[in-house]
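K.L.:
quick one: sequence and predicted model below, then my questions.
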Amino acid sequence: MKIIGIVDTTFARFDMGSAAVDEIKQYVSARIIRITVPGIKDLPVASKKLIEEQGCEIVMALGMPGAAEKDKMCAHEASTGIIQAQLMTNTHIIEVFVHEDEGKDEKELAFLMENRAREHARNVVDLLFKPEKLVKQAGTGQRQGFEDVGSLRG
Amino acid sequence: MKIIGIVDTTFARFDMGSAAVDEIKQYVSARIIRITVPGIKDLPVASKKLIEEQGCEIVMALGMPGAAEKDKMCAHEASTGIIQAQLMTNTHIIEVFVHEDEGKDEKELAFLMENRAREHARNVVDLLFKPEKLVKQAGTGQRQGFEDVGSLRG
Amino acid sequence: MKIIGIVDTTFARFDMGSAAVDEIKQYVSARIIRITVPGIKDLPVASKKLIEEQGCEIVMALGMPGAAEKDKMCAHEASTGIIQAQLMTNTHIIEVFVHEDEGKDEKELAFLMENRAREHARNVVDLLFKPEKLVKQAGTGQRQGFEDVGSLRG
Amino acid sequence: MKIIGIVDTTFARFDMGSAAVDEIKQYVSARIIRITVPGIKDLPVASKKLIEEQGCEIVMALGMPGAAEKDKMCAHEASTGIIQAQLMTNTHIIEVFVHEDEGKDEKELAFLMENRAREHARNVVDLLFKPEKLVKQAGTGQRQGFEDVGSLRG
Amino acid sequence: MKIIGIVDTTFARFDMGSAAVDEIKQYVSARIIRITVPGIKDLPVASKKLIEEQGCEIVMALGMPGAAEKDKMCAHEASTGIIQAQLMTNTHIIEVFVHEDEGKDEKELAFLMENRAREHARNVVDLLFKPEKLVKQAGTGQRQGFEDVGSLRG
């Protein structure tokens, strides 16, 4: 049975990890290992440990960067580390970040955090079980959390 | 037979991968392996896996970063990862990014995405089969997608 | 007995390392190794040496970036290095930075530096001894130094 | 005989590689291997391959970043990769970049590109053959392409 | 006998390397290896070679980034590389940068460059010979080149 890792944070204001776990379970049978770390800068090493110490074949790293300038920099550092962790392990880590200022109020923000987690969970399932499905969607303007924008009208 | 990897995204709004595959086939006989990932931040590890797990001798990584400030940062992170993946494998990964705000409308953007993919496909062919052709073009102001600007009139 | 590393700086204006050591001792029995370096850019290698040469299973890296633009860049470089050190060792290094401009006066800044050091010390204890406690707090808007903001009211 | 690598780009608008080769030949006997890549982001891996696959003991990486904001970011990514390539090989790669907006017109830009390439070629010769010459110039305000500014009048 | 590496640049406008060497000799007996490179971006690999090829147990990397925006970016790239070099070698490299715009005139800039080099030379001596001295200074607001700011008055 394939093993999927899920790591999220105590800093975020919505339980994205549970949404991701729930979504994956609706599509496939897989062993899911879930952990939580304090903040997004702890996600890179946590993801790498899930891969190398727990045998995960793919990982979702979920977080909610704050709205301040300093938080944008944290998100950049976390993203850079997540990419580096992937290169060191030859394993996909799907980053699911929702910036705190992406929603116009708490309700929309919660909606966005849940939906983006769920839509990326489906990407994770496709990458692991049906990668050819993604090739069929190449260049079609897929978005996670918001509505898809579609292909260009050339 | 040489193996060329092509990886693009479902986020992009034009099927750059197919344009690249089509162009390469007009010039050389090579085995082409094509995959698609959700977004540009997934390109570095996907490219590295094409090289290390599928034997690709060169890879094209195609994507369309969005127009928002946050998207510029994603493009920077993806580019940094693509360079790192090349250094870890001693293999060229030709990055083909068209920023969503480079075209004045959808039609021009689609034109640019197709043309840049095709022109870089020819660079990939040259790098792999005729690297000496590039030396002859050193310092001649080549551009991909837009018209070449040429050498300086000193 | 588990070994925890603590590294702070002579540049900071509050002895964050001692606060962290004191807090950890209130919760668990662990061997603590403490060192101090000149500035935050010296934290990444110091942390890595604590892990690889002293056997630390987790490290706290504490510092106070200055308020100038140049100092923000130093903090970014230090953070990037701390993430990289974690990836090279598969070991958590909890970064505890308080920016000099986060407090409205010296008193508030000292308060913040002590509290953030202590609250992150508890995160370190949880990560090392009771990681399942953090999963229960996933998405609950925990903050260190300031009051928690809580979950979104969706 | 020592081997020196030269890599430049088809994007640049002046043939910096030829200027560098010509300058080196006026000073020393060395085997020179020259290649050309499409753009500056291709320089890091090209330099590393010259070192590891062709035996180069030092490399010059020459390029002309464009004037747009996006081009500045490309230059940053390329420079970061060039430093990384050096660290992975314990070999100097002398970066010679002239930004397209450094010259007030095409003539001055061409002048600057040629001169900076030539002056850095002499640095390459010194680093490889007479490193003690550089120690004598420590802190003397050397510039490449523009006039030297000299030591501070303390 | 312990070996200390010193690397500075021909770009700087004050001979920081000599000041550092002179200061170290007043405090300890150590073998000092000194080299000079063209600019600050050459410092990371030069430092790493001093460690891995010359056996240095600690290195000082001294430089003077210019005042332009482009120079700030160079300093950032150099600093990132210096941190990376430390992580690859588990060895401290003490970065001593004085930005050209830190002094109000040439005299003050020269004063600052000499003093920061000397004060950091004493940090190098402490790190190598008496690391416990630094722990006693934790959180005391030490500065190099300028006057110390001291601990916060909480």
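P.N.:
Received it, and whenever you're ready, just let me know what you need. Numbering: from 1, shown residues only, chains lettered A, B, ... in the order given.
K.L.:
most centrally placed residue in chain A?
P.N.:
Of all residues in chain A, the one closest to the mean position by CA atoms, centre = their mean is A:Val96, 2.9 Å from it.
K.L.:
following element in sequence after the strand or helix carrying it, please.
P.N.:
Counting by DSSP states H and E, the element that carries A:Val96 is strand A:93-97. Next along the chain after strand A:93-97, taking DSSP H and E as the criterion, comes helix A:106-129.
K.L.:
circling back to that earlier point, OK, contacts around the residue nearest to the centre of chain A?
P.N.:
Counting by CB atoms under 8 Å, 6 or more residues apart in numbering or on different chains, A:Val96 touches A:Met16, A:Ala20, A:Met60, A:Ala61, A:Leu62, A:Gly63, A:Arg116, A:Ala117, A:His120, A:Gln144. Using the backbone N, CA and C atoms, a C-beta is placed for each residue, glycine as well.
K.L.:
pick out the lowest-pLDDT one from those.
P.N.:
Scanning those for pLDDT, the low point is A:Gln144. It has 94.
K.L.:
and the residue lying closest to it once chain neighbours are set aside, how far from chain E?
P.N.:
For A:Gln144, the nearest residue in space outside its immediate sequence neighbours is A:Glu119; the separation is 4.0 Å by CB to CB, 6 or more residues apart in numbering or on different chains. Distance from A:Glu119 to chain E, counting by CB to the nearest CB, to the nearest Å: 34 Å.
K.L.:
my guess is A:Glu119 contacts A:Phe146. True?
P.N.:
No: judged on CB atoms under 8 Å, A:Glu119 makes no contact with A:Phe146 at a distance of 9.5 Å.
K.L.:
who's more crowded, these two?
P.N.:
When A:Glu119 is set against A:Phe146 and neighbours are counted by other CB atoms under 10 Å in any protein chain shown, the residue ahead is A:Glu119, at 18 against 11.
K.L.:
and stretch A:145-154 with chain B, contact?
P.N.:
Yes: on the criterion CB under 8 Å from any CB of the partner chain, stretch A:145-154 is in touch with chain B at A:Val149, A:Gly150, A:Ser151, A:Leu152, A:Arg153, A:Gly154.
K.L.:
quick one: pLDDT of the third one?
P.N.:
A:Ser151 is assigned a predicted lDDT (pLDDT) of 95.
K.L.:
and it, what does it touch?
P.N.:
Under the criterion of CB under 8 Å, 6+ apart, the contact list for A:Ser151 reads A:Gly139, A:Thr140, A:Gly141, B:Arg13, B:Phe14, B:Asp15.
K.L.:
cool, and the first one?
P.N.:
Contacts here follow CB under 8 Å, 6+ apart; on that basis A:Val149 touches A:Gly141, A:Arg143, B:Arg13.
K.L.:
ok, the residues you listed vs chain D, which is closest?
P.N.:
Relative to chain D, the closest of those is B:Arg13; by CB to the nearest CB it sits at 18.8 Å.
K.L.:
the closest one and E:Arg31, how far apart?
P.N.:
Applying CB to CB, to the nearest Å, the value for B:Arg13 to E:Arg31 is 62 Å.
K.L.:
show me what A:Ile35 is bridged to.
P.N.:
Here A:Ile35 sits in beta bridges with A:Val7, as judged by DSSP bridges.
K.L.:
surely it is in contact with A:Ala46?
P.N.:
Yes: A:Ile35 is in contact with A:Ala46 according to CB under 8 Å; the separation is 6.1 Å.
K.L.:
overlap in contacts, the two.
P.N.:
A:Val7.
K.L.:
which of these two has more neighbours?
P.N.:
When neighbours are counted by other CB under 10 Å, A:Ile35 and A:Ala46 differ, and A:Ala46 comes out ahead with 25 against 21.
K.L.:
ok, the more buried one to A:Gly39 distance?
P.N.:
Relative to A:Gly39, A:Ala46 is positioned 11 Å away (CB to CB).
K.L.:
is A:Ile4 in a helix, a strand, or coil?
P.N.:
The assignment at A:Ile4 comes out as strand when based on DSSP: H, G, I helix; E, B strand; the rest coil.
K.L.:
now tabulate the contacts of A:Ser151 in a markdown table and tack on distance to A:Gln84.
P.N.:
As requested, the contacts of A:Ser151 are exported to a markdown table (distance: CB to CB, whole Å):
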| residue | distance to A:Gln84 |
| --- | --- |
| A:Gly139 | 27 |
| A:Thr140 | 29 |
| A:Gly141 | 28 |
| B:Arg13 | 28 |
| B:Phe14 | 29 |
| B:Asp15 | 29 |
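K.L.:
closest to A:Tyr27 out of the residues you listed?
P.N.:
A:Thr140 (20.1 Å; CB to CB).
K.L.:
for the contacts of A:Val149, pick the one with the most neighbours.
P.N.:
The most neighbours, when the contacts of A:Val149 are compared by other CB under 10 Å, belong to B:Arg13, which has 25 neighbours.
K.L.:
contacting residues for the residue in chain A that chain E sits nearest to?
P.N.:
With CB to the nearest CB as the measure, the residue in chain A that lies nearest chain E is A:Thr80; the distance is 10.6 Å. In this structure, A:Thr80 makes contact with B:Glu77, B:Thr80, B:Gly81, C:Thr80, C:Ile83, judged by CB under 8 Å, 6+ apart.
K.L.:
try 7 Å
P.N.:
Neighbour list for A:Thr80: B:Glu77, B:Thr80, C:Thr80 [criterion: CB atoms under 7 Å, 6 or more residues apart in numbering or on different chains].
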